[in-house]
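Chemist: Generate coordinates for the sequence data below:
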Amino acid sequence: MPSVKRRPSEAKTAGRSNPARAAQVKAAVSAVPEPWGRTRLLALCLLSFLLSLPLFAPWSFWPFGYVVFVPWLIALGTATSARWAYFDSYLLGAAFFLFHFRWLIETTLEGYVAASLLYLALAFPLAAWPIRHLYRTWRIRLTIAFPVVWTAVEIARTYNPLGFPWFFLGHSQIRALPMVQIADLAGVYGVTFVVAAVNGLFADLALRYVRVFKSPVPVDGTPGTPTESARRPRPGMATCVALTGVLLVATFGYGQYRLSQETMSDGPVVAVLQGDFLLKADINDPGAASDEVKEQTYLDLMSQALAERPDVDLVVLPETPWFMYLNREFREHRPRMAFWHKRWTAITQETGKSVLVGAMSEEPQPKGTYPPQHRYNSAFLYTPGEPEPQRYDKVHLVPFGEYVPFRYSRYFHFIYRFFAFGPWNPWGKDGYEYSLTPGREFTVMNLPQSTSGQNGRFGVTICYEDVIPRIFRKFVYDHRDGKRLDFMLNISNDGWFGHGTQQAQHLVNCAFRAIENRVGVARAVNTGISGFIDPDGRWRDLVQDPGRPLHAGKAGYSVARMRLDSRTALYSRWGDSFGAVCAALTLAAMADGIRRSVQNRRARRKSAASKPG
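Modeler: Got it, this is the predicted structure:
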């Protein structure tokens, strides 16, 4: 075996208490060659990054999901320096998100770099710490440690003020439909757990042939030392193989059972409209299409859809297809701006069809208050014969895209101004205050005159609300009333991100929400991808060019009948309980790691203080 740089850390630790024993340990350590050098550890992390390249939509090459992190796990298990293990993990995370998150460059280069390097990349070293602690100190195999910790990290990426539940390991499996049906039990986190367990098993099998620990002789009796860890036996590999095999078979079998159930029925006929208008943060962009062009495009698409399918019950336009305010409070304050409200009312009366459209809402506030008005990102449902539309105000706003933290805090308002109007924030240029106000209620709308013979109940997620599992779930299920709607809509404006991979990845996220809650979804999205998702996660009737992979950049429409599912998913009832258990176990591991570190540090100081001279 080639010689590599050795790190006699055990000898240094022992030398503080017993020089003779330190010499003994040093000699023994020198006799055991370190299996992996610095370059090889970096190469393993690079291999994990390369395996991740086709992992997510539009490619979704799901077999790589079961091995993508195996090289990284081998690096964590073989690295004798924790600092280098964490640094290499950070480099892997930086490369991972810089590549997959590259579609944000279309909107803000500075935000893309900051989000990738200062926030998202930290997920990898954050996971590396408890993984190494469980593997090296507690002797728990990666087959068990990795899925628990990685699931917890994905939960942490969701439940925080900058929540970004994108690029989850489970997302890679969307084309393996039987394997993702367990999302109705534990959410996308359940799929992540299964795939991560297979990664951990392969890493354990590989590590059987690599000498990891260099603790050939007892060092001392301090808890957590390599000697104590080496004495604790690991679970047998046969047990890990058996457990993982049972988990895979059970997951596949459950998925096949769910896909074979006949629980769906026909619902209302819905038409979704898709324009193709790229957007820039600069409202004066000379290349942007005018509101008049957008209006005419969508009205023409509506006419074509209704001419093709006279049985349409509901026409759905994207989030803010063009700039307009529709709420009653705004119209009362500015009567001359009521044109589009009158137009939509007339259209529903003339066609006899309901129309759902995304628009802005503005509610003036009393003089002297801050802000002078509350503005909302809203969805309005116009129905024939009704003078006022039903309205939903977006609850979960996108940080920095729709609001800046600390807007309403008198103590932190200077931080708000720093983030809102800095050169790195394209929306706050020239001192424009763009922040919106979040809505307060998960509104369920009622669709009358449905050809399905019953009124249709549905909720509307706006923009990225459909990628937040807990937000989507709150529309579908109420602990008092149970499943409270028949289907869901998603309206979004993904024209901010060019014609890249974002649109396909957004579709995949939404498909998981359909499985998790067993509810059909219709999507109307500017630039795409619009269409229909069934309660089992299958998408169909997409606004796409035939024969091409999932892609953005097409104007058109699609008309189809919604599929209604009578099942109420366990995930709808219990939410992220499974992920919370993984998070609790990971936090316990991290707390134990801190305790042991403090304990060992005190022992070393005590030993040094008692040393003669």
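Chemist: Quick test: name the residue nearest the centre of the chain.
Modeler: Geometric centre of the chain, nearest residue: Pro165, 1.5 Å, by CA atoms, centre = their mean.
Chemist: For that residue, give me phi and psi.
Modeler: Taking degrees, to the nearest 10, you get phi -80, psi 70 for the backbone angles of Pro165.
Chemist: Can you show me the strands along this protein?
Modeler: Using DSSP state E, the strands of the chain run over residues 264-274, 314-316, 354-364, 373-382, 390-393, 445-447, 456-462, 477-478, 482-483, 487-493, 520-526, 531-533, 539-540, 556-565.
Chemist: strands paired with the fifth one, and their directions?
Modeler: Strand 390-393 has the following strand partners under DSSP bridges: strand 373-382 (antiparallel).
Chemist: And the second one, by the same measure?
Modeler: Based on DSSP bridges, the strands next to strand 314-316 in the sheet, each with its direction, are strand 264-274 (parallel), strand 354-364 (parallel).
Chemist: how about the CA coordinates for the last one, as CSV?
Modeler: Taking C-alpha atoms only, strand 354-364 is exported to CSV below (Å, rounded to 0.1, in the frame of the first residue of the first chain):
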residue,chain,number,x,y,z
SER,A,354,-65.8,29.9,-13.7
VAL,A,355,-62.3,31.6,-14.0
LEU,A,356,-59.5,31.5,-11.5
VAL,A,357,-56.8,34.1,-12.0
GLY,A,358,-53.8,35.3,-10.0
ALA,A,359,-53.5,39.0,-9.2
MET,A,360,-52.5,41.5,-6.6
SER,A,361,-54.5,42.7,-3.7
GLU,A,362,-54.0,46.0,-1.8
GLU,A,363,-55.6,47.2,1.4
PRO,A,364,-55.0,50.8,2.4
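Chemist: Just the buried positions in it, please.
Modeler: Ser354, Val355, Leu356, Val357, Gly358, Ala359, Met360, Ser361, Glu362 (16 or more other CB atoms under 10 Å). Yep, even glycine has a C-beta here, placed from its N, CA and C like the rest.
Chemist: Ignoring the adjacent residues along the chain, who's closest to the fourth one?
Modeler: Nearest non-adjacent residue to Val357, counting by CB to CB, 6 or more residues apart in numbering: Leu317, 4.4 Å away.
Chemist: What pLDDT does the model give the closest residue to His374 other than its chain neighbours?
Modeler: Distances taken as CB to CB, 6+ apart place Thr437 nearest to His374, at 4.2 Å, with adjacent residues excluded. For Thr437, the model assigns a pLDDT of 91.
Chemist: I'd say Thr437 and Asn377 touch.
Modeler: No: using CB atoms under 8 Å, Thr437 is not in contact with Asn377; the gap is 9.3 Å.
Chemist: rewinding a little: can you pull the contacts of the residue nearest to the centre of the chain?
Modeler: When contacts are counted by CB atoms under 8 Å, 6 or more residues apart in numbering, Pro165 touches Glu154, Arg157, Thr158, Val188, Val467, Ile468, Pro469, Asn509.
Chemist: By neighbour count, which of these wins?
Modeler: Using other CB atoms under 10 Å as the neighbour criterion, Val188 leads the contacts of Pro165 with 32 neighbours.
Chemist: That residue touches Ile468, doesn't it?
Modeler: No: counting by CB under 8 Å, Val188 does not reach Ile468; the two are 11.2 Å apart.
Chemist: so what secondary structure elements neighbour the helix of greatest length in the chain?
Modeler: Taking DSSP state H as the criterion, the chain has its longest helix at helix 577-609. Helix 577-609 sits against helix 123-132, helix 142-158, helix 183-186, helix 188-207, with contacts defined as 3 or more CB pairs under 8 Å, 6 or more residues apart in numbering; DSSP states H and E.
Chemist: Quick check: mean pLDDT of that helix?
Modeler: Mean pLDDT, helix 577-609: 92.
Chemist: what angle do that helix and helix 123-132 make?
Modeler: Taking axes from the mean of the first three to the mean of the last three CA atoms, to 10 degrees, one finds helix 577-609 and helix 123-132 inclined to each other by 70 degrees.
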